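1. Whatever this is, show me its structure:
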Amino acid sequence: MSDVQRLIDRQDIHDCLLRFCRGMDRFDRELYLSAFHADAEIAAGPYVGDVPGCWDWAMPMHRDAQVLTHHLLLNHHVEIDGDVAHSECYYQFVARNHPWEEGGEETVMLAGGRYIDRLERRDGAWKIALRTNVIEWSCLPPSLPPPFGDVPSIGGNGVSARDHGDPSYVRPLVNRRAANKP
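-> Below you'll find the model as predicted:
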């Protein structure tokens, strides 16, 4: 395999992992599923099974318990052998949680671990065939409210949404402040 092809494959694999993360954070089921082959298996926390079932297991927790989530990819190692690759990618998971009780305050959850994947290139596309999510740590640090009240017009360029209303889906992308100037 040429060095250029190896770099292209590494980038395609990394893009696949990013589709998973963005799909989870934006509640975009189609994007999430696009990171996996249809017959893929996943082990995430107590869930072990098919990928659509993992979505069905995880989404109520993310929707009902958390105001927002960030799945962040960190160190990434990948070994490519033809049309099969093995990947280890460190991650951090950050969530802003709804209050646990009526009148309570929001909390923040941090967790970290590794996505250990077997990816396969089928019909020219790299996708995950098998995933093991190794959760290695978690904590609930003290939280502070977002600075919405302290920073005038903080949402002037758009406000985060967990669906296609998020500014990242706007095409063509425009700076809302610039577009609204007289």
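2. alpha carbons only for contacts and neighbour counts from here, please
-> OK.
3. for this protein, which residue is closest to the average position?
-> Centroid-nearest residue in the chain: C21, 1.7 Å away (criterion: Cα atoms, centre = their mean).
4. what's the pLDDT at it?
-> pLDDT for C21: 98.
5. in what helix or strand does it lie?
-> Following DSSP states H and E, the helix or strand that holds C21 is helix 3-25.
6. elements contacting that helix?
-> helix 29-33, strand 66-81, strand 125-139 (3 or more Cα pairs under 8 Å, 6 or more residues apart in numbering; DSSP states H and E).
7. List just the one of these that sits closest to E41.
-> The stretch from the helices and strands packed on helix 3-25 with the least distance to E41 (Cα to Cα) is strand 125-139; that distance is 5.0 Å.
8. could you measure G165 against V159, distance?
-> 9 Å (Cα to Cα, to the nearest Å).
9. Of the two, which one has the most company?
-> G165 (13 against 10; other Cα atoms under 10 Å).
10. How much space separates the more buried one from A65?
-> Taken as Cα to Cα, the span from G165 to A65 is 20 Å.
11. Downstream of the helix or strand A85 falls within, the next helix or strand is which one?
-> If you go by DSSP H and E, A85 is part of strand 84-97. Proceeding N to C from strand 84-97, the next assigned helix or strand is strand 107-122, under DSSP H and E.
12. I'd like to know which elements that next one is packed against.
-> strand 84-97, strand 125-139.
13. List the contacts of stretch 15-31.
-> 32-35, 55, 59, 68-73, 126-128, 161-164, 166 (Cα atoms under 8 Å, 6 or more residues apart in numbering).
14. Apply 7 Å and report the result again.
-> Stretch 15-31 has contacts (Cα atoms under 7 Å, 6 or more residues apart in numbering) with Y32, A35, T69, H70, H71, K127, R162, D163.
15. now do stretch 51-62
-> By Cα under 7 Å, 6+ apart, stretch 51-62 touches A40, E41, I42, Y47.
16. closest to A111 among those?
-> For these, the nearest to A111 is Y47 (17.0 Å; Cα to Cα).
17. Tell me how many other residues surround the residue lying closest to that closest one once chain neighbours are set aside.
-> Spatial nearest neighbour of Y47, chain neighbours left out: C54 (6.7 Å); criterion: Cα to Cα, 6 or more residues apart in numbering. Counted with other Cα under 10 Å, the neighbours of C54 add up to 16.
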